[in-house]
Structures are given as structure tokens and as C-alpha cells.
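A.B. asks: Compute the structure for the input listed below.
(2 chains)
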Amino acid sequence: MILDLKQFVQKERPTWEALERQLTKLESPAYKAQGVDASWHLRQLISRTSSDLVRLRTYASDPELELYLEQLLARAHSAMNPPGRSRIRFVGLIMMLLTGFPKALRRHFKYLVISTTVFLLGSAVGGGFVFMDSEAKGIVMPFSHLLQNPEDRVADEETEDLSPDSESKAVFSAQLMTHNIRVSFFVFAAGFIFGIGTLYLLFYNGIILGAVVVDYVVAGQTTFLVGWLLPHGSVEIPAVLIAGQAGLLLGSSILGTGKFGKGMSIGDRIRFIREDLLLLLGGICMLLVWAGIVEAFLSQTHEPAIPYAVKIGIGLIELTLLALYLLFAGKGVARE
Amino acid sequence: MSNHYSKLAIKTAGGVQIHYNLAGSISRAMALMIDYAAIVSIMIVFQMIVGILLTLSPGVALSLSIVGYFAITIGYGIFFELRSNGQTPGKRVMELRVIDVSGHQLEPGQIILRNLMRAVDSLPVLYLVGGVTTLFNRNSQRMGDLVANTCVVEIRKPALSIRNVSLQKRSNSLRKYPVQAARLRQEIHIEQASLILRALERRDKLEEDARIRLFRELATDIRERSPFPLEATVNLSDEQFLRNVLDILYADRSGT
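C.D. replies: You can find the predicted model right below:
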């Protein structure tokens, strides 16, 4: 049996065109949900067009017309399967991030523990290197100002007024924020290779921090060190660890070892953690913006200008507040 | 390698399979170049605006330009894919679109994730990692696409056209044999019928030699399998024979 195409098209065309009009309406951003009748009508149009496509494929062969119907149905399929969440306004988004971020962090706490452990292992290794052989820091340190002898640096910083004016601080702060956010995104994305990339980056950054810390402690400059690192480090280092957490969560999901594993494609597995990943990444951005401001405006200003006790005190307060926020915020609020 | 799977098949709620053509690596690379060019142009305009600020307050201007550079490079793809339903300007020019692998509407989270993953996909240069990844999975997805459950497809807008072939200019001598005509309908496959139909539609666009050769080829095959007695077909030209055959195949079925 072969379909008379001309007649077929003439008969069915009104249906297709009606569907096309409906879809155009649906796809416009200004669309408002219609009543039950309208959606029932739309479903009818879709099912009729679907059966037209099946008939066309079975009883005739016309690639052009087939393509037309397929694309029409593809649009309909997409329109009938909107995202789970409706559009969220900016304020709602911020609120969601503020409570959702610590909740997501607690949901996948295991990976934060792993990420912290690996980072600390790296620090131990880096610290060990420098402790055993002070020449080793030439290999480990990425920044030239860290190669300087700790005593000399402290002396320089405390005598000369190297503290830049507030405009250069703003520039420095912008550089720190964008650089750190980029690095964190990279730490996350590197998790794609089964988490290996993330683990490597965490370990490597741990080595650097460990080396710096031991270098200054051995030189007897512990107070300077804590006053210098704690104000921004108390936020920045957790942010990097959380980026590691997100990367490991991604990696384990790709491996299929997570809660959702067997028999699903990578994309399907990750769908379950997509929102949590985004919340973690959003939270990291918030933390790093704060850390960038503190690092540029407070951390680089040293003793005569600001007493170390004040800097260390501020760092400790930040650390406590952050811990309280991450551990308790959003508790008791049911997950939407 | 990925050419075995150059189509994405989606099953709709109506139980129908629909297909998308997956975007090729060349067209994706072209789209990327266009997007790079767009980013550079946006940056130039942005720097000009910042340049004006520079005279007022160099610190603010510089910080702004650093944050702006960051926001534009990271946010470009996210902004346009969110705004124009999965199309950056480059993809629009190349007629590509990001879609969800199951054909559902894209969620903002998917777009953000696939763009953040560019950090690894673009490594070490020119999207080598992402490009190689597309070769090793069935939907030509780069890492970002795998994570976000998206893929990039071609979009073409086919127009709805009604074919217009006049089948019956003269009386059809084959109609005198209803039994054989019925057998012919069983004998000829749909694809073959539509091939003849399309050949006839384009007859005026073909060179005369080519046309005669084409119709001879098409007709010979059918003549060999034709159930009609020889005297009914022997006097017909190839083209007329094909028209008559099509007439039997199509026009008889009013209202099916």
C-alpha cells in the first residue's frame, strides 16, 4: 500500500500548521500557561502529527517531508518536557545558594574529607622536603617572593612601608578573585578523569602550602606567617578543598561508584548531582570573592600598621563563622 | 570513528523516533572561531569603555577590566546559550544548537556546567582534549557535554512543500490490466516508487542525455519485474512507462 502523498499533505497540513503555531507561542519567553483545554488540544495535535510521521515512514518515502515532521515533533517533545524548576529570579537564586551550598556540602561530606586528607598529605610531603633540605624550596615554590629568606622578607615588610595604596589593592584583589575562581573551576573540571586530576592538583597545592609553612616556622617567623596567611587562608583554603570535593564528586559519578551508578549513562548519573555541583561551585565563588578582598586589603599589610594579634584574631573569627555556616546553615529547612 | 553514529535518535512520548544530525567537528570548530572573534570584539569595546574610566580612576578601571575579562571569557557561552535556547552567535551562524540528549528542554544548570568544563576540554590547545573525547562516544560529546548530558546538533529548517507531478497526461494503457496492476503494487517497494517520483519531478532540470539514461535505468529494472504482458509496455517510451507505473502505484488509492 502506498500513500498518495499529495492528498496526504493536503489533508494533514492544517494539523501541522496548527501545531507549529502552538509551538511558536509556547516557545516565546512571554508565554503564560494556558488552561486544560489548550494543553489537551496541543496533545491532540502532537499525537496526530506523530501518527502522520509513522504513516509516512511506513507507506511512503519522502525525506523532506519526514524531516519537516521530525523537526516539528522534536520541538514539541522539547516543549512538553520543560526543566523541573521554573525560572528563578536573581534574589531567589542568591537565597537558594546561601542555604543550598552548605547543605550540598554536607550531603557529600565524604568527598570533602578525602579532599582535605589529600591536601594535608601534600602539605606533609612539602613541609618534609623543606624541613630536611632547605634548598628544596627552589623546586617547589611557584612565586619568586616566596624564594626569599623568611627573616629577610619579614624584616622588609615590617620596616619599609610597602603597603600599596587602596587603588592598587583593588586591582590586586580583582586579580586574586578571578585567578582563584579560575583555579577552583579547574580543580573541579579536572575531576572528569575519574577524579585523578583533582587529586593531583590538591596534592600539589598541599605541597606548596606545606613548604611555605615549614619554611617560615623553621625560621622562627610563625607569628608573621599566621598573621599573613590566616585572614584570607581561612576562607581561601576551604574554598579550594570544596572545589576538590566537587571534583571528586564528579569523578566518582563518572566512575559510577556513587549512590547512583549501575546501568546509567554518565550524563544520567550526573543529572542526580548536577544541582549540588552547581551549588558547590557557586558557594566557592562567594568564598573566593571574600578571600580576594581580605587578601588584598588586610593580609599584605603587616606589623607596625596592623598588629599581628588583630590579623590573627580576624582570621580565627572568620574560620569560626565559616565553620558554623557550613555545618549548620539551612538545617531544618526542607529540601525543595 | 564517530561517523557510525552521526545521528541522535530520540523516542518521543508519542512512541515515534525522531532524529537529529550530530554536529561535525569541523562545523563545531568553525562556530568556536566565530565565537572567539565575537569575544575579542566584545573585549575591545569593553576596554574602550574602561579606557574612558582610566582617566578618572586608574585603580577602579583596572580592577573592572580584570573582572570584566573574567566575566566575558567565562560568561559568554553561558549567557548566549541561556538566552537563545542553546545557541551562541557562532553556533547560530553554523546552524548548530545545544540540546539535551533526551530532547527535553535545556536546564540552566546544564548550560552552566558544560561551559565550565571548557577549562579541561580546551586543554592543552585548541580543544584537543574535547575534540578527542568526541571521537570516543556515540553522541560526539566533549567532556562538558558528557557532564551536562547535552550534545550539539545541526538544525535545518525544511520547508513544507507539496509535490506537484502531473501523472496523467494521457490515458494509461496499463489500467486495462487490473490484476497485473495489483501485482505491480505488491512488487514495487516504497523507496523505489519515491525514487521514480523524484526523478520525474526533476525531469526538466536534467540534461537530455542524462535524463534518457536515468529513465532507461529506472525503467529497465521495473520492466524486468513487470507482470504486464509485453504488448502493453513495449510501445511506451521509458518515461511514459514510468509515469504509467507511478499512476498505478499512487493515484488509485483515494482516501487511504
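
A.B. asks: Residue of the stretch 151-256 of chain B closest to chain A, please.
C.D. replies: Nearest residue of the stretch 151-256 of chain B to chain A: B:S194, at 3.9 Å (Cβ to the nearest Cβ). The way it works is simple: take the backbone N, C-alpha and C, and place the C-beta from them, glycine included.

A.B. asks: Quick check, A:L26 in contact with A:A79.
C.D. replies: Yes. Judged on Cβ atoms under 8 Å, A:L26 makes contact with A:A79 at a distance of 4.7 Å.

A.B. asks: closest point of the stretch 201-336 of chain A to chain B, which residue?
C.D. replies: Counting by Cβ to the nearest Cβ, the stretch 201-336 of chain A gets nearest chain B through A:G267, at 3.0 Å.

A.B. asks: Can you tell me the closest non-neighbouring residue to that residue?
C.D. replies: Leaving aside its sequence neighbours, A:G267 sits nearest to B:N149 (Cβ to Cβ, 6 or more residues apart in numbering or on different chains; 3.0 Å).

A.B. asks: Just the buried positions in the lowest-mean-pLDDT helix or strand in chain B, please.
C.D. replies: One helix or strand of chain B scores below all others by mean pLDDT, DSSP states H and E: helix B:230-233, with a mean of 78. Residues B:232-233 are the ones in helix B:230-233 that count as buried (16 or more other Cβ atoms under 10 Å in any protein chain shown).

A.B. asks: what does that helix rub up against?
C.D. replies: B:173-174, B:176-177, B:223, B:226, B:241 (Cβ atoms under 8 Å, 6 or more residues apart in numbering or on different chains).

A.B. asks: which of these has the most neighbours?
C.D. replies: B:F241 (24 neighbours; other Cβ atoms under 10 Å in any protein chain shown).

A.B. asks: Next up, identify which helix or strand that residue is on.
C.D. replies: helix B:238-246 (DSSP states H and E).

A.B. asks: Is any residue of that helix near chain A?
C.D. replies: No. Helix B:238-246 stays clear of chain A (Cβ under 8 Å from any Cβ of the partner chain), getting no nearer than 9.6 Å.

A.B. asks: mean confidence for that helix?
C.D. replies: Averaging pLDDT along helix B:238-246 yields 84.

A.B. asks: do stretch B:17-36 as well
C.D. replies: In the prediction, stretch B:17-36 has an average pLDDT of 91.

A.B. asks: how far does that stretch stretch from start to finish?
C.D. replies: With Cα to Cα, to the nearest Å as the measure, stretch B:17-36 spans 36 Å from end to end.

A.B. asks: Can you give the contact residues for that stretch?
C.D. replies: A:53, A:70-71, A:73-74, A:77, B:2, B:5-12, B:76-77, B:88-91, B:93-96, B:99, B:103, B:127, B:131, B:134, B:139-140, B:151-154, B:156.

A.B. asks: and the helix holding B:F241, what other elements does it pack with?
C.D. replies: Where contact means 3 or more Cβ pairs under 8 Å, 6 or more residues apart in numbering or on different chains; DSSP states H and E, helix B:238-246 is packed against helix B:190-201, helix B:208-225.

A.B. asks: Just give me the lowest mean pLDDT stretch among these.
C.D. replies: Mean pLDDT is lowest for helix B:190-201 out of the helices and strands packed on helix B:238-246, coming in at a mean of 81.

A.B. asks: How far does it sit from its chain's centre?
C.D. replies: The chain centre lies 22 Å from the centre of helix B:190-201; the measure is Cα atoms, centre = their mean, to the nearest Å.

A.B. asks: Please apply the same query to stretch A:208-216.
C.D. replies: On Cα atoms, centre = their mean, the centre of stretch A:208-216 falls 28 Å from that of its chain.

A.B. asks: neighbouring contacts of that stretch?
C.D. replies: With Cβ under 8 Å, 6+ apart, stretch A:208-216 has contacts from A:119, A:122-131, A:134, A:136-137, A:140-142, A:146, A:150, A:222, A:224-225, A:229, A:237.

A.B. asks: could you redo the last one with a cut-off of 7 Å?
C.D. replies: Contacts with stretch A:208-216, where a contact means Cβ atoms under 7 Å, 6 or more residues apart in numbering or on different chains, come from A:122-127, A:129-131, A:137, A:140-142, A:146, A:150, A:222, A:224-225.

A.B. asks: Repeat that for stretch A:314-327.
C.D. replies: Counting by Cβ under 7 Å, 6+ apart, A:102, A:105, A:230-231, A:234-235, A:238, A:298 sit against stretch A:314-327.

A.B. asks: No further queries at this time; thank you.
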